[in-house]
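Peer 1: starting from these lines, generate the structure:
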Amino acid sequence: MFSPTGSYNTTVYVGQPPRPYFLDPDTGSDLTWLQCDAPCVRCTQTPHPLYRPNNDLVICRDPICASLHSGDYNCDNPEQCDYEVEYADGGSSLGVLVNDVFSFRSYGGRVLSPRVALGCGYDQIPGLSNPFLDGVLGLGKGKSSIVSQLSSQGLVPNVLGHCLSARGGGFLFFGNDLYDSSRIMWTPMSHDYSKHYSPGTAELLFAGKATGLKNLLLVVDSGSSYTYFSSQAYQALAFAVRKELSGKPFTEALDDPTLPLCWRGRKPFKNIRDVRKYFKPFALSFNSGGRTKKQFEVPPESYLIISSKGNVCMGVLNGTAAGLQNMNVIGDISMLDKMVIYDNEKQLMGWASADCSRPPKSRATAF
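Peer 2: The predicted structure is shown next:
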């Protein structure tokens, strides 16, 4: 589930016979789509041949089509459903919805082969991140999301989770058989921000101490490689990290373009283990309505990267500068070695530290 660019991908088998495609698992969007030979007007480079669609078109008045449009949309061509999805990094996909067979293996060895709706994307504009992939696996809360479709067919509960290993790899699963609920730290999903997976608002702590920043609106997005904080929270974290490093053998590496904030040591660093003792964790503390606050702790290895120049860089970026306004996005880097669960049935989000290098044995449907 890992690509050397630092983004995660998962292999999905589509069609009859099933063909493999590498997709970006994205909890921040709903629609699953493949770059598609329909023919393709604009496609980016793909690891596999372009998807060849069948003629099983989703009609314009289908509820899944309606979920991708707002209000009373036009059906210029009633026999097909046109779609356009846009992403925060400036990327987009334009195409038509088709039905096709997806093949999933459950951990019990059973193969599920449901027909689901997906996008045949024949016009893509790459975003800033532009990973070398065949498409996107939409894991959001909407009707077109793959987990919503499987759940509406009675195949799995409307629950999904992922476990991304810091060593590369990991696993993604649908259903609730893969974890012991009593060992998970749960917090309610926000009703105010119902389009995305949001645990609501949080307070930012650094090294266990309050930073004075509260009510940060959070969204969890596996489609984002990095974590983004609104300007005020970003400045507070950067200040706290800089303060922690004062008097230690680091100088700011202003000539390293990898990320906005990098430091060099006396000699180039090879991996995070070389530097983690100099940095402190930060945490997001949620008031979940109970007497105890739930904390999502982010250790140094989940917010730092080593650049190709051997410097250490902060993988938390200024989201306001990136056009995200006051939203704070927890990306892949801050979810490493955690099992993160999105329970749409109970409207809860949960997490627990985990060994993500190998999936536990279970009956859940997984990749």
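
Peer 1: alpha carbons only for contacts and neighbour counts from here, please
Peer 2: OK.

Peer 1: mind listing the strands for the stretch 1-150 of the chain?
Peer 2: For the stretch 1-150 of the chain, the strands defined by DSSP state E, counting those that start in this stretch occupy 10-14, 19-26, 33-35, 82-86, 92-106, 111-112, 115-125, 135-138.

Peer 1: export those to TSV and tack on distance to residue 217?
Peer 2: Formatted as TSV, the strands of the stretch 1-150 of the chain follow (distance: least, C-alpha to C-alpha, whole Å):
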stretch	distance to residue 217
strand 10-14	28
strand 19-26	19
strand 33-35	29
strand 82-86	22
strand 92-106	25
strand 111-112	37
strand 115-125	29
strand 135-138	22
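
Peer 1: could you tell me the least trusted of those strands?
Peer 2: Ranked by mean pLDDT, the strands of the stretch 1-150 of the chain bottom out at strand 111-112, with a mean of 84.

Peer 1: how far does it sit from its chain's centre?
Peer 2: 25 Å (C-alpha atoms, centre = their mean, to the nearest Å).

Peer 1: so residue 281 touches residue 296, yeah?
Peer 2: No - counting by C-alpha atoms under 8 Å, residue 296 is not a contact partner of residue 281; they are 10.5 Å apart.

Peer 1: okay, and the common contacts of those two?
Peer 2: In terms of C-alpha atoms under 8 Å, 6 or more residues apart in numbering, residue 281 and residue 296 are not both contacted by any residue.

Peer 1: any idea what residue 171 is bridged to?
Peer 2: With DSSP bridges as the criterion, residue 171 is bridged to residue 163.

Peer 1: these two touch, right, it and residue 162?
Peer 2: Yes - under the criterion of C-alpha under 8 Å, residue 171 makes contact with residue 162 at 5.8 Å.

Peer 1: more neighbours: which of the two?
Peer 2: Counting neighbours by other C-alpha atoms under 10 Å for residue 171 and for residue 162 shows that residue 162 has the greater number, 24 against 21.

Peer 1: residue 301: what's it in contact with?
Peer 2: The contact partners of residue 301, by C-alpha under 8 Å, 6+ apart, come to 272, 273, 276.

Peer 1: ok so it is a helix residue?
Peer 2: Yes - under the criterion used here (DSSP: H, G, I helix; E, B strand; the rest coil), residue 301 sits inside a helix.

Peer 1: how near is it to residue 135?
Peer 2: For residue 301, the distance to residue 135 (C-alpha to C-alpha, to the nearest Å) stands at 29 Å.

Peer 1: and what of residue 199?
Peer 2: Looking at residue 199 against residue 135, where the rule is C-alpha to C-alpha, the gap reads 27 Å.

Peer 1: which of the two has more residues huddled nearby?
Peer 2: Applying other C-alpha under 10 Å to residue 199 and residue 135 shows that residue 135 carries more neighbours, namely 27 against 24.

Peer 1: thinking that one is in contact with residue 36, fair?
Peer 2: No - in this structure, residue 135 sits apart from residue 36 without contact. The criterion is C-alpha under 8 Å, and the distance is 9.2 Å.

Peer 1: spatially central residue in this structure, please.
Peer 2: In the chain, the centroid-proximal residue (C-alpha atoms, centre = their mean) is residue 222; its distance is 0.8 Å.

Peer 1: isn't that residue up against residue 334?
Peer 2: No - Residue 222 lies out of contact with residue 334 (C-alpha under 8 Å); the separation is 9.9 Å.

Peer 1: which intervals of this structure have sub-threshold pLDDT?
Peer 2: Scanning the chain with the threshold set as pLDDT under 70 gives 1-6, 107-108, 130, 288-292, 361-367.
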